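> model the following, please.
(2 chains)
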Amino acid sequence: MINRPKGTKDVLPSDVYKWQYVEKVAKECLRLRGFEEIRTPTFESTELFVRGVGEGSDIVNKEMYTFLDKGERSLTLKPEGTASIVRAIIENGLDNGAMPLKLFTLTPCFRYERPQTGRFREHYQFSIETFGSSSPLMEVEVIGAIKSVLDALGFSNYIININSIGCKECRKKYVDVLKKYYYKHLDEVCEDCKVRYEKNALRLLDCKNEGCQKLKEGAPKPREYLCDDCKKHFDELLKLLDASKIRYRINDNLVRGIDYYSRTVFEFLTEEKGALNVVCGGGRYDGLVEELGGKPIPSVGVGLGIEHLLMLLEKNSIELPKPVNLDLYIATTSLNESLKAVELARELRALGVATEIDTMERSLKAQMKYADKKEAKCVIILGEDEINTKSVTLKFMQSKKEYKVNIDTHQNLQKLAEIIKNN
RNA sequence: GUGGGUGUGGCACAGUUGGUUAGCGCGCCAGGUUGUGGCCCUGGAGGUCGUGGGUUCGACUCCCACCACUCACCCCA
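Numbering: from 1, shown residues only, chains lettered A, B, ... in the order given. As a prediction, this is how the structure comes out:
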């Protein structure tokens, strides 16, 4: 027995409609705001992520699916979506086009980590990426866009947390101060924090260990060390959010795990434990395009995990609308009848009626049961009488309403299709 | 990478002082009026009890190892 690889998931027919619905809603929300879709490869040169995501990050250090292809090229399955999009922009010269660029994408992401609730080795990320604006208006645009998706799905059980970690310059100063503060207490701090101190000191701020909380409380915060420009940017952003009636909470301990963020970082947080507590997260990454070899173009983006979102919707008892998959089932009990059914089905499908016919040569009872299981909207039994009189009884499974309909002319078939659609 | 939990037909489970044909529910297939579903009844298919060793006259039940899944941590969507 071959099983699915660890950390992957089968989306079964009974659940696919949820994915389709979320995708449809998300794409429509973004389209309404002038965003365009972009699609990039599933794998990229390893170098792209090493430079984009950051050499110091855990994603690059221990979580990437990296392999050599037969031409000895080092490739990596996307661990996140942003670097790939930035590469595509530079490579295709979109950075020379109209600004701002407002893009969205839906892409699988791969990270080699131990799976747990809401966390997989392959997951789908819906992300929004914008380029060209250094104004806080763009943060509001991006936050507003992803919020509109959640609104449209009826999900509001989150709090927007926001913070500024400063630009390269003021962050460097801040990290020095932070390390100086922690230096004296390194023996009191948990093992993880010791590692953080060395590798990524900013992350000291989101340690959840009980013993570290008190020290964390007293630690200096990024906002206290912002340069004038960064401070102004953040203040304006808050004003704009207020004016947009977007509710948020400043969280001085909010930092993010990917190196490319600058100034604004934000997360939509829920009450859930563990990985599920983040609905989506993002921020500004002004240096990334240049870092990857393009022009110095400022950027803001956000990513949302589809599996996360679906689990959260379920936990919040939010039901997504289930479409009618099958409009009509045509039952037959002989090969001759089946031949006629094939013909009738072809014409009705051309009229947009989702139609299924028997392919098992089963009894009428078995076929009715099957139509019931498949939640067919209605059924026609096509027997010798019907074929001879060119007239069928259309039965609606739920209401049990029945209609006598002639199937002799194309016009009558159109009528039949109308009846199915309108009931 | 670290720590905990669990592993019995497609799914959810019962099955312990170890005893000989391994059970139930749902699902699936067929039949119960030869042209009609959802309820009910009957029958059927389907399991080397995660895998490999060990203890024993005998193991789904005890021991060991491995594997898988799962939850939490690190990290992250």
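> in stretch A:344-351, what's buried?
A:344-345, A:347-348 (16 or more other CB atoms under 10 Å). For every residue, glycine as well, the C-beta is placed using N, CA and C.
> helix or strand right after the helix or strand hosting A:Arg249?
A:Arg249 belongs to strand A:248-250 when assigned by DSSP states H and E. Using DSSP H and E, the helix or strand that follows strand A:248-250 in sequence is strand A:262-269.
> quick one: contacts of that following strand?
Taking CB atoms under 8 Å, 6 or more residues apart in numbering as the criterion, the residues outside strand A:262-269 that touch it are A:136, A:139, A:143, A:146-147, A:150, A:158-168, A:171, A:230, A:233-234, A:237, A:248, A:254-256, A:277-287, A:300, A:302.
> how about the nearest residue to A:Leu348, chain neighbours excluded?
The shortest distance from A:Leu348 to any non-neighbouring residue, by CB to CB, 6 or more residues apart in numbering, is to A:Thr355 (4.8 Å).
> so which of the contacts of strand A:262-269 reach RNA strand B?
A:256, A:277-281 (CB under 7 Å from any atom of the strand).
> using pLDDT, spot the least trustworthy of the residues you listed.
Within the set of these, pLDDT is lowest for A:Arg256 (83).
> distance of that one relative to A:Ile420?
51 Å (CB to CB, to the nearest Å).
> returning to what we had before: please tell me how far the residue nearest to A:Leu348 sits from A:Asn3.
Taken as CB to CB, the span from A:Thr355 to A:Asn3 is 36 Å.
> look at the two and report which has more neighbours.
Per other CB atoms under 10 Å, whichever of A:Thr355 and A:Asn3 has more neighbours is A:Thr355, with 22 against 6.
> wait, A:Gly293 sits on A:Val86?
No. Contact criterion CB atoms under 8 Å: A:Gly293 and A:Val86 do not qualify, at 9.3 Å.
> domain assignment for chain A?
A:13-167+A:227-315, A:328-422 (automatic domain parsing).
> which of these sits most buried?
Ranked by mean neighbour count, these are led by domain A:13-167+A:227-315 with a mean of 18 (mean count of other CB atoms under 10 Å).
> what is the end-to-end distance of that domain?
21 Å (CA to CA, to the nearest Å).
> centre of the chain to it, how far?
With CA atoms, centre = their mean, to the nearest Å as the basis, domain A:13-167+A:227-315 stands 10 Å off its chain's centre.
> same check, this time on stretch A:176-183
Counting by CA atoms, centre = their mean, stretch A:176-183 comes out at 37 Å from the chain centroid.
> buried stuff in that stretch?
A:177-178, A:182.
> will you turn those residues into TSV that also has pLDDT?
Formatted as TSV, the buried residues of stretch A:176-183 follow (pLDDT from 0 to 100):
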residue	pLDDT
A:Val177	92
A:Leu178	91
A:Tyr182	90
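> what's the closest non-adjacent residue to the residue of chain A found nearest RNA strand B?
As assessed by CB to the nearest atom of the strand, RNA strand B sits closest to A:Gly257 within chain A, at 1.1 Å. Setting aside the residues directly before and after it, A:Gly257 is nearest to A:Ser57 in space (CB to CB, 6+ apart), at 6.3 Å.
> and what of A:Tyr65?
Counting by CB to CB, 6+ apart, the residue nearest A:Tyr65 is A:Leu77, at 4.1 Å.
> isn't that neighbour up against A:Phe110?
Yes. With contacts counted by CB under 8 Å, A:Leu77 reaches A:Phe110, the gap being 3.8 Å.
> okay, and the common contacts of these two?
In contact with both A:Leu77 and A:Phe110: A:64-65, using CB under 8 Å, 6+ apart.
> up against RNA strand B, what does the stretch 151-300 of chain A have?
Near RNA strand B, when you scan the stretch 151-300 of chain A using CB under 7 Å from any atom of the strand, you find A:192, A:195-196, A:203, A:206-209, A:256-258, A:267, A:273-275, A:277-281.
> quick one, what contacts A:Val302?
A:Val302 neighbours (CB under 8 Å, 6+ apart): A:127-128, A:142-143, A:145-146, A:266, A:280-283.
> secondary structure element holding A:Ala83?
helix A:82-91.
> okay, which residue is most central for chain A?
A:Phe126 (3.0 Å; CA atoms, centre = their mean).
> what are the bridge partners for that residue, then?
A:Leu106, A:Leu304 (DSSP bridges).
> contacting residues for it?
Neighbours of A:Phe126 in contact, by CB under 8 Å, 6+ apart: A:22-23, A:26, A:104-106, A:149, A:303-304, A:306.
> mind putting those into a markdown table with distance to A:Leu320 and pLDDT?
Formatted as a markdown table, the contacts of A:Phe126 follow (distance: CB to CB, whole Å; pLDDT from 0 to 100):
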| residue | distance to A:Leu320 | pLDDT |
| --- | --- | --- |
| A:Val22 | 7 | 96 |
| A:Glu23 | 11 | 96 |
| A:Ala26 | 12 | 97 |
| A:Phe104 | 20 | 97 |
| A:Thr105 | 22 | 97 |
| A:Leu106 | 17 | 96 |
| A:Val149 | 13 | 97 |
| A:Gly303 | 21 | 95 |
| A:Leu304 | 16 | 95 |
| A:Ile306 | 12 | 95 |
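> quick check: which of these are also close to RNA strand B?
Okay, of those touching RNA strand B (CB under 7 Å from any atom of the strand), that's A:303-304.
> for the contacts of A:Phe126, which one is nearest A:Glu224?
A:Gly303 (28.2 Å; CB to CB).
> who are the contact partners of the closest one?
So A:Gly303 contacts A:80-82, A:125-128, A:280-282 (CB under 8 Å, 6+ apart).
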